[in-house]
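**Q** Predicted coordinates and the sequence they were generated for:
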Amino acid sequence: MTVLSMFLLGKMRVFHRSDLQLVYLVAALLPAFVATFVAISRLMDYHHNFSDINAGAFIGMVTAVFGYHLNYPPVWAKTCGVANTRSVQTVSLSHTEADATPLRAAEEEDEYTRMEPREQRYQAMRNTSS
């Protein structure tokens, strides 16, 4: 629920000035309120211990914040509603930039990519044995 709350905070741009800022804040934090309600009900019904609930909430929140920030900028950033892009431009087998080779475009096909997987394995075995 933490990821959903953070996602809604970013998409609704809650931390930027607007007329409906309080309404957006309550709507974005609603999933967190539901998760808190479930945790309290579990505690009150004696289904879990207090330490179990705290440990689960801590682990869940830490991993949710980490996962959110891998995919989105912080909720207070100007571009908080836009996902981060992860495009790899070069592949480097060494540690120098001069040796980096650009990736092939997906449209480019050579003889090796058109082969069946069985033929690729045979070709690879033949190249290593010689």
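**A** Yep, that arrived. Residues are numbered from 1 along each chain as shown.
**Q** got the contact list for whichever helix in the chain runs longest?
**A** Looking across the chain with DSSP state H, the single longest helix is helix 21-44. For helix 21-44, the external contacting residues (CB atoms under 8 Å, 6 or more residues apart in numbering) are 1-2, 4-5, 8-9, 12-14, 18, 48, 50, 53, 56-57. To be clear about C-beta, it is placed using only N, CA and C from the backbone, and glycine gets the same treatment.
**Q** repeat that with 10 Å
**A** With CB atoms under 10 Å, 6 or more residues apart in numbering as the contact definition, helix 21-44 has outside contacts at 1-16, 18, 20, 47-50, 52-54, 56-57, 60-61, 75.
**Q** out of those residues, which are buried?
**A** Buried positions within those, assessed by neighbour count (16 or more other CB atoms under 10 Å), are 1-10, 12-15, 53, 75.
**Q** Can you list which of those residues are found in helices?
**A** Per DSSP H, the subset of these in helices is Thr2, Val3, Leu4, Ser5, Met6, Phe7, Leu8, Leu9, Gly10, Ile53.
**Q** For the residues you listed, work out which two are farthest apart.
**A** Using CB to CB, these reach their maximum pairwise distance at Gly10 and Ile53, which is 27.0 Å.
**Q** With respect to Gly81, which of the buried ones among the contacts of helix 21-44 is nearest?
**A** Of all the buried ones among the contacts of helix 21-44, the one with the least separation from Gly81 (CB to CB) is Gly10, at 5.4 Å.
**Q** Grab the nearest non-local neighbour of the closest one.
**A** Distance criterion CB to CB, 6 or more residues apart in numbering; nearest residue to Gly10, sequence neighbours excluded, is Cys80 at 3.9 Å.
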